[in-house]
Every structure is written in C-alpha cells, then in structure tokens.
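Visitor: sequence below, structure please.
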Amino acid sequence: MATLTQGDGDDLLARYRRAREARDVDAMMELYREDADLRVDPFQDHLTGDLAIRAHWNDVAATQANVEFDAERTWVSGSTVLAAWHGAWTVRSNADRVRGRGFATFELDGEGRIVRERHWTLERVVGRDTTFEPESAGTGR
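Guide: So this is what the prediction gives:
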C-alpha cells in the first residue's frame, strides 16, 4: 500500500468507531481483509480469517451494550495506523459498566483493509449501568 496520510488513519478509526458503537458486525467485517489476523490481547491466541474474526465480533455484539469508543490520538507510519483509545461498555449479563483504555495497531493492505490488528488493553468495572436491565447470557469481557 502507498504511504497512508493522517486523514487515512483518522478515517479508518472513524469507521471502526461507528461499527463498534453500533455493534454492527457486518460494518466491522468490511474493515478486514478475508485472511486478516486479529489479536485482542497479547496473552491470548490470535484469530485468523474472517470466520474467527466474525465470531469474535458476534460475541462482543451479543455480550455488550451502550458501547462508546474514541481514538484519542492516531499516528500513521507507512501502511500502519496506530491509535491510543478509550472506551466504555455495559456487560449485558449483569449491567456492569466497564471502562477500557488501550493502544492498537492496524496494518493495512493496498485496498485499505486491515491485514493485522493488535490490541493492548486495560479495563476496569467502574460501576453499574442503571439505565440497563441485565440479561442472562455472556460475560461481556
């Protein structure tokens, strides 16, 4: 891929934010190449390919509600977008409100789709979402 501009990086994170906050798995999957590699935690196995990545995002969409995501700062280097981010979500099973902060890297192909994504995240339960009635399935984290 040609060298990305700062605008390219900001556009990627804006699309990621819209998909994440809407819990729109199809929109999220449009960001990835079919054979992409995703590692949501440095201590977990990576997920490879659209089926594994879709399963991850399906689980996230099913177990979380009231999602917020914001890239605080983005950088671009060659065909890689780097982002410091923060977010919050409600665990559907128990209405816990979780806040997360992290850093992510997105390596893009020649068409601007994610080939490899890596996350380093810290998250904490910060209280209970009193606007949400708990459901009975999933862990949300």
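Visitor: ok, what's across the strand from residue 114?
Guide: residue 32, residue 108 (DSSP bridges).
Visitor: 457 is where my numbering starts, stick with that
Guide: I'll keep to 457 as the first residue from here, and by that count the last item is residue 570.
Visitor: which residues touch it?
Guide: By C-beta atoms under 8 Å, 6 or more residues apart in numbering, residue 570 lies in contact with 468, 487, 488, 489, 492, 494, 562, 563, 564. In short, each C-beta sits where N, CA and C put it, glycine included.
Visitor: distance of the closest residue to the fourth one other than its chain neighbours from residue 527?
Guide: Among residues not flanking residue 489 along the chain, residue 569 sits closest, at 4.3 Å (C-beta to C-beta, 6 or more residues apart in numbering). Taken as C-beta to C-beta, to the nearest Å, the spacing of residue 569 relative to residue 527 amounts to 18 Å.
Visitor: compare neighbour counts for the two and give me the winner.
Guide: residue 527 (20 against 16; other C-beta atoms under 10 Å).
Visitor: how far away is the more buried one from residue 538?
Guide: Distance from residue 527 to residue 538, by C-beta to C-beta: 10 Å.
Visitor: okay, now the unreliable bits of the protein?
Guide: For the chain, applying pLDDT under 70 flags the ranges 457-458, 592-597.
Visitor: could you pull out the helices for it?
Guide: Secondary structure of the chain (DSSP state H): helices located at 462-478, 481-485, 506-519.
Visitor: can you list the buried residues in the first one?
Guide: Applying a neighbour-count criterion of 16 or more other C-beta atoms under 10 Å, one finds 464, 465, 468, 469, 472, 473, 475, 476 buried in helix 462-478.
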